[in-house]
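Enquirer: build the 3D model from these lines:
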Amino acid sequence: MKRTLILITIVSASLGFSLCSAGEIPEDVLVKLDRIGAEMERAALVNDYKSLLDYYTEDVIIMADFQAPVKGKKTLKSLYEKEADQRLKYHSINGLPEKRWESDGLIYEYGSFGMTVSSKSDDKPKGYYGSYFQIWEPSGSSYRLKYVIWNLDHYPC
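Expert: This next block holds a predicted model:
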């Protein structure tokens, strides 16, 4: 299940493409979030966990179905290292943000996702889909993920 946590986190972060009502978020911010999402997706597809860590705040919190929260980038790094040992392979990552809004300098976003993944213990790709909510925090001239929560809408097939 921890493997799924990392998968979903990457997916939900990469989903932050431009879907919001006009005027809610400045266009330049949407462009930045789109770029970050595309970069995270590319890094996930080639298992570049080191690059993925750059997109999270030091105090990131990640909450997944039926698991203890991941608190902090050091804990996330440890999980990524375990994923690498399991030879996790992403075959596809797709998502649909349903809403984005800004409040007090943070960007809030929710949507749905789908993906396929395999590992050394199961080389047949499994499909997952679900919903996510995440919070982006400004970081210099960019944004980083501060909080991610997701759930699966079905048992992997």
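Enquirer: next, Leu76: secondary structure please.
Expert: Three-state call for Leu76 (DSSP: H, G, I helix; E, B strand; the rest coil): helix.
Enquirer: tally up the residues packed near it, please.
Expert: Using other C-beta atoms under 10 Å, the number of residues around Leu76 comes to 22. Placement of C-beta: from N, CA and C, glycine included.
Enquirer: cool, Lys77 as well?
Expert: With other C-beta under 10 Å as criterion, Lys77 counts 15.
Enquirer: dump the residue contacts of it.
Expert: Lys77 is in contact with 49, 53, counting by C-beta atoms under 8 Å, 6 or more residues apart in numbering.
Enquirer: low-scoring stretches of this protein, by residue?
Expert: 1-23, 154-157 (pLDDT under 70).
Enquirer: show the subsequent helix or strand relative to the biggest helix by length in the chain.
Expert: As assigned by DSSP state H, the longest helix anywhere in the chain is helix 27-45. Toward the C-terminal end, the helix or strand that comes next after helix 27-45 (DSSP states H and E) is helix 49-53.
Enquirer: packing partners for that following helix?
Expert: On a contact count with 3 or more C-beta pairs under 8 Å, 6 or more residues apart in numbering; DSSP states H and E, helix 49-53 meets helix 27-45, helix 73-85.
Enquirer: please tell me how far the closest residue to Tyr49 other than its chain neighbours sits from Val70.
Expert: Of all residues beyond its chain neighbours, the one nearest Tyr49 is Tyr80 (3.7 Å), with distances taken as C-beta to C-beta, 6 or more residues apart in numbering. Relative to Val70, Tyr80 is positioned 10 Å away (C-beta to C-beta, to the nearest Å).
Enquirer: what's the answer for Ile107, then?
Expert: Separation of Ile107 from Val70 (C-beta to C-beta) stands at 20 Å.
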